[in-house]
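> Here you go, sequence then predicted model.
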Amino acid sequence: MTTRPRLADDVNWTAGVAALGLFAVLAAVFLGSSFGSAAGFPDASITAGIGYAMFDLASQTALETEEFLVSFIVIAIALDAALDVAVMLAKRDDESAGVLTDGGHTTERGER
């Protein structure tokens with residue numbers, strides 16, 4: 001037979017009060033903030049604007065582009081290369097030794 005659930009007696013009230021206070025602060029900030037109307041994009045090519053930003057030629061386009069786009073792409077390529085190397089190193093050759101099931105201890109013949 002099962003028993004009905006009971007409320008916990010050893011509750012940490014300070015964490016609960018802190019969470020409610022944080023919720024109240026965040027709710028006040030979100031409800032009190034105002035946003036302007038959506039501006040949209042001018043009649044220009046967004047792809048061309050990204051291309052100009054990549055080559056640091058943002059002054060030649062009508063779009064407001066960010067200048068850190070090139071560094072973002074360089075970091076993305078570096079992370080992609082790191083992932084490729086990790087996958088390459090994780091692959092096992094069929095000719096290599098099998099998985100040691102004894103925790104890596106040597107056998108009686110001195111083999112590892």
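Nice, thanks for sending it over.

> what about stretch 55-70, average pLDDT?
The average of the pLDDT scores along stretch 55-70 is 72.

> hang on, I meant stretch 16-30
Mean predicted lDDT for stretch 16-30 stands at 96.

> do stretch 86-106 as well
If you average the pLDDT over stretch 86-106, you get 68.

> Please report the distance of residue 23 from residue 29.
11 Å (CB to CB, to the nearest Å). All C-beta atoms are positioned from the backbone trio N, CA, C, and that covers glycine.

> Can you dump the C-alpha atoms of stretch 82-93 in CSV for me?
The C-alpha coordinates for stretch 82-93 follow below in CSV (Å, rounded to 0.1, in the frame of the first residue of the first chain):
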residue,chain,number,x,y,z
ALA,A,82,39.1,21.2,-34.0
LEU,A,83,35.9,19.0,-34.3
ASP,A,84,37.3,17.3,-37.4
VAL,A,85,40.6,16.6,-35.7
ALA,A,86,38.8,15.2,-32.6
VAL,A,87,36.7,12.9,-34.8
MET,A,88,39.8,11.8,-36.7
LEU,A,89,41.7,11.0,-33.4
ALA,A,90,38.7,9.2,-32.0
LYS,A,91,38.6,6.7,-34.9
ARG,A,92,40.2,3.3,-34.2
ASP,A,93,42.0,1.2,-36.7
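
> List the buried residues for it?
Counting neighbours by 16 or more other CB atoms under 10 Å, one finds that stretch 82-93 has no buried residues.

> got it, and stretch 48-64?
For stretch 48-64, a neighbour-count test (16+ other CB under 10 Å) marks 49, 52, 53, 58, 61 as buried.
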